[in-house]
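1. Structure for the following, please:
(one chain, ligands or ions: 1)
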Amino acid sequence: MAVSDHVDFPTFMEGVKKRNPGQTEFIQAVQEVAQDIYEFIEDKEEYHEAQILRRIAEPDRVVSFRVCWEDDNHCIRVQRGYRVQNNNAIGPYKGGIRFHPSVNESVLKFLAFEQTFKNSLTGLPMGGGKGGANFNPKGKSDAEVMRFCQSFMTELYRHIGPDTDVPAGDIGVGGREIGYMFGQYKRITNRWEGVLTGKGEEYGGSQMRPEATGYGAVYFLQNMLKHAGQDVEGKTAVISGSGNVATHAAEKIVQLGGKVLTLSDSGGFIYDPEGIDLEKIDWVKHHKTHYRGRISEYVDAFPGATFHEGARPWNVEADLALPCATQNELNEEEAKALVKNGVIAVSEGANMPTTLEGVKVFHDAKIMYGPGKAANAGGVAVSGLEMSQNSERISWNHERLGEMLTDLMEGIHGKCVEYGSHENGYVDYVKGANIAGFKKVADAMLAFGVV
Ligand code: NDP
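-> All right, here's what the predicted structure looks like:
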C-alpha cells in the first residue's frame, strides 16, 4: 500500500506551475478542473493515495517533431509538429489536429487534458489527445497545404493507429486536410484503417461529422434551457467564429426558431440586425470554404449588416451566447457586458473560450453556463461513432446519426446535472462535467495499479 500524499489544492497547483513553466493555457485548464475535483475527492483517500489527479495532469507523452516542406516559390519551410497523448485509460487517444500559428506545447497540452474529460463524458471508449503544428493554412495554395499535410503525416503515422491514437480535425484542419493526411497514411502503411475521423463520406467518413460539434452545442443549450423550463424559439443569439463549429451552431439555432445576430473571425465581427438566416449561413460556409474568404466581406453581400474591425461580438445584446472561435476569446469584462445585457445562457462550441475570470462572472450571475468540454462534445462523440463504423465496416445514415447525437448530448447534460446540481436547484455545469468526466478515468486508472 502506497503512503498517502494528500496535499491541498494550492500546493497541488504550485507543483503544476513549477513543472510546466510558462505554459499558461495548460495551467489554466488544470486549475479549472482541479478545483472541482479537489472538492469531490476531499474524503476519497484512494484517489490521493494513487496520485490520480497528478497523473492525469502529466501527459502520457508529448511528441514534438520537425515538419519540412517546400512552398510554391521553391523555398524550404520548417514548422514544428506535435502530438500530445494525454491519457488512454478508457480507450485509444482521441482528439483533433490544429494548424494555426498560435499552436505551441502549452496550447496542445491544455487541449489534450480537456479532451480526456470530454471524451469520458460522452460515455464512449476514448482517451484524450491533441496535436497540430504552427502552420498557417491561410493564403497557402492547395498544393502547399497538400505538401505540408503529407510531410506532417510522414512523421505522425508512426505514433498513431486505429487502436492507439485516432486524430480528427480542429482549427485549420477540415475535410481537405484530413483527406491529404489520410492519403499519406494509407500510402506509407499500405493499410486502409480508421486512423483519422472527419473523413469524406466516400472513404469511411460519418455523414454527420461536419455538423456534429455545432449542432451538439445547440442541443446542449436546448437541454439547459429545457431544464429551466425554456426554449430556443424566439430568442436572439450572438455567435463568434465563422468556421465549422460556428456556422453549424448558427444553422441549428435558426432551425429551432432562434435569431442569430453575429459571426466573427480573427479580423472582427459582423452584426446583422435582420438576423443571419439559413441562406446567409450557406453563403458564409461557401465563401469561407471555397474562397477562403473573410467575414468582413459579408457586408458587401448583405448591406444591412455592419462590420466591426478588431472587435468581438460580446457587447451586442442577446439572450444566448455561443463562443465558437478559439480559447480565451471572452474575458471578464465581456462576460459582464453579456450579463448586463440580459444573456440567460452560454454554450461553448469552442474549447476554453471563456477566461477563468469570465467563468466566475457567469457563475456569480447564476446564468446557465455550458463549458466546452460538455457543450462541444458532440463532435468527438460522432467521431467515436465513425470509429465504430470503420471497425465494423458499416455506415449509419444522417437521420440515425442525428438521433444518436441528440441522445448523446442529452446524456452528457444529464451527467452534468447529476454531479453539478446545488441544493437550491442551480446547476454548476463546469463542476458536473469535471467530476463526471474525472470519475470514469480515475476509476479505470485505479484498476491498473501503478502504471
Ligand atoms: P475553424 O478553423 O473551422 O474555424 C475557426 C474560426 O475561429 C474561424 O472563424 C477563425 O477565424 C476563428 N479564430 C481562430 N483563431 C482565432 C483567434 N485567435 N481570434 C479570433 N478568431 C479566431 O475551426 P473550428 O470551427 O473547427 O473550431 C473552432 C473551435 O471549436 C476551436 O476552439 C476548436 O478547438 C473547437 N472545437 C472544434 C471541433 C470540431 O469538430 N471542429 C470539436 C470540438 C471543439 P480566422 O479564419 O480569422 O482564423
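2. contacting residues around the helix or strand encompassing residue 145?
-> Using DSSP states H and E, the element containing residue 145 is helix 142-156. Applying CB atoms under 8 Å, 6 or more residues apart in numbering, the contact partners of helix 142-156 are 65-72, 79, 81, 83, 99, 131, 133, 135, 137, 140, 167, 176-177, 180-181, 183-185, 188. Where you see a C-beta, it was placed from the backbone N, CA and C, and this is true even at glycine.
3. From those residues, which land in helices?
-> Residues of the contacts of helix 142-156 located in helices (DSSP state H): 176-177, 180-181, 183-185, 188.
4. can you list the weak-confidence ranges in the chain?
-> 1-5 (pLDDT under 70).
5. rerun at 80
-> Within the chain, the segments meeting pLDDT under 80 span 1-6, 289-291.
6. Mind naming the longest helix for it?
-> The chain, longest helix under DSSP H: helix 398-420.
7. Can the helix or strand immediately after it in the chain be said to contact the ligand?
-> Using DSSP H and E, the helix or strand that directly follows helix 398-420 along the chain is helix 429-448. No: residues of helix 429-448 contacting the ligand under CB under 6 Å from any ligand atom: none, with a closest distance of 13.8 Å.
8. Just the angle for helix 429-448 relative to helix 398-420, thanks.
-> 90 degrees (axes from the mean of the first three to the mean of the last three CA atoms, to 10 degrees).
9. pull the CA atoms of helix 429-448 into CSV?
-> Presented in CSV, the C-alpha positions along helix 429-448 are these (Å, rounded to 0.1, in the frame of the first residue of the first chain):
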residue,chain,number,x,y,z
TYR,A,429,-22.3,22.6,-15.4
VAL,A,430,-18.5,23.1,-15.1
LYS,A,431,-18.4,21.1,-11.8
GLY,A,432,-20.8,18.5,-13.1
ALA,A,433,-18.7,17.9,-16.3
ASN,A,434,-15.4,17.9,-14.4
ILE,A,435,-16.5,15.4,-11.8
ALA,A,436,-18.4,13.1,-14.2
GLY,A,437,-15.5,13.1,-16.7
PHE,A,438,-12.9,12.6,-14.0
LYS,A,439,-14.6,9.7,-12.1
LYS,A,440,-14.6,7.2,-15.0
VAL,A,441,-11.0,7.9,-16.0
ALA,A,442,-9.8,7.8,-12.4
ASP,A,443,-11.6,4.6,-11.6
ALA,A,444,-10.0,2.9,-14.6
MET,A,445,-6.6,4.1,-13.6
LEU,A,446,-7.1,2.8,-10.1
ALA,A,447,-7.8,-0.6,-11.6
PHE,A,448,-4.5,-0.6,-13.4
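10. Please determine how far the residue of the stretch 101-250 of the chain found nearest the ligand is located from residue 439.
-> Proximity of the stretch 101-250 of the chain to the ligand (CB to the nearest ligand atom) peaks at residue 243, 1.9 Å away. Distance of residue 243 to residue 439, given as CB to CB, to the nearest Å: 33 Å.
11. out of the two, which sits in the busier spot?
-> Of the pair residue 243 and residue 439, residue 243 is the one with more neighbours under other CB atoms under 10 Å, namely 24 against 18.
12. Longest strand in the protein, by number of residues?
-> Determined from DSSP state E, the single longest strand within the chain is strand 76-87.
13. doesn't residue 238 fall inside a strand?
-> Yes: assessed by DSSP: H, G, I helix; E, B strand; the rest coil, residue 238 belongs to a strand.
14. Could I get the contacting residues of it?
-> Shown in contact with residue 238 (CB under 8 Å, 6+ apart): 261-262, 313-314, 316, 318, 320-322, 338.
15. what does the stretch 301-450 of the chain have sitting close to the ligand?
-> 324-326, 329, 349-351, 376, 379.
16. Quick one: which of those is the most crowded by neighbours?
-> The most crowded member of those, judged by other CB under 10 Å, is residue 349 (33 neighbours).
17. Might you report the residue contacts of that one?
-> 213-214, 217, 239, 241, 245-246, 249, 322-324, 372, 375-376.
18. and those residues, which of them are in strands?
-> Those of the contacts of residue 349 mapping onto strands are 239, 322, per DSSP E.
19. Drop anything exposed from the contacts of residue 349.
-> 213-214, 217, 239, 241, 245-246, 249, 322-324, 372, 375-376 (16 or more other CB atoms under 10 Å).
20. Closest to residue 42 out of the residues you listed?
-> residue 372 (25.9 Å; CB to CB).
21. Could you verify my assumption that that closest one touches residue 348?
-> Yes: in this structure residue 372 lies within contact range of residue 348 using CB atoms under 8 Å: 3.9 Å.
22. Roughly how far does the residue positioned nearest the centre of the chain sit from residue 115?
-> For the chain, residue 351 is the residue whose C-alpha lies nearest the centre (CA atoms, centre = their mean; 4.2 Å). Look at residue 351 and residue 115: by CB to CB, they are 8 Å apart.
23. Figure out how far stretch 99-117 is from the centre of its chain.
-> 10 Å (CA atoms, centre = their mean, to the nearest Å).
24. nope, stretch 281-297 is what I was after
-> 22 Å.
25. tell me which residues in that stretch are buried?
-> Buried residues in stretch 281-297, counted by 16+ other CB under 10 Å: 281, 283-285, 287-288, 293-297.
26. How about stretch 366-379?
-> Quick answer for stretch 366-379 (16+ other CB under 10 Å): 367-379.
27. Mind checking which of those residues land in helices?
-> Those of the buried residues of stretch 366-379 lying in helices (DSSP H): 372-375, 378-379.
28. In terms of helix, strand or coil, where does residue 124 fall?
-> Looking at residue 124 with three-state DSSP, the answer is coil.
29. In contact with it, which residues?
-> So residue 124 contacts 91, 381, 384-385 (CB under 8 Å, 6+ apart).
30. could I get these as JSON lines with secondary structure?
-> Below are the contacts of residue 124 laid out as JSON lines (three-state DSSP):
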{"residue": "91", "secondary structure": "coil"}
{"residue": "381", "secondary structure": "helix"}
{"residue": "384", "secondary structure": "helix"}
{"residue": "385", "secondary structure": "helix"}
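31. Now flag whichever of those is closest to the ligand.
-> Using CB to the nearest ligand atom, residue 381 comes nearest to the ligand of the contacts of residue 124, at 9.9 Å.
32. Spit out the contact partners of that closest one.
-> Taking CB under 8 Å, 6+ apart as the test, what residue 381 contacts is 122, 124, 212, 216, 405, 408-409.
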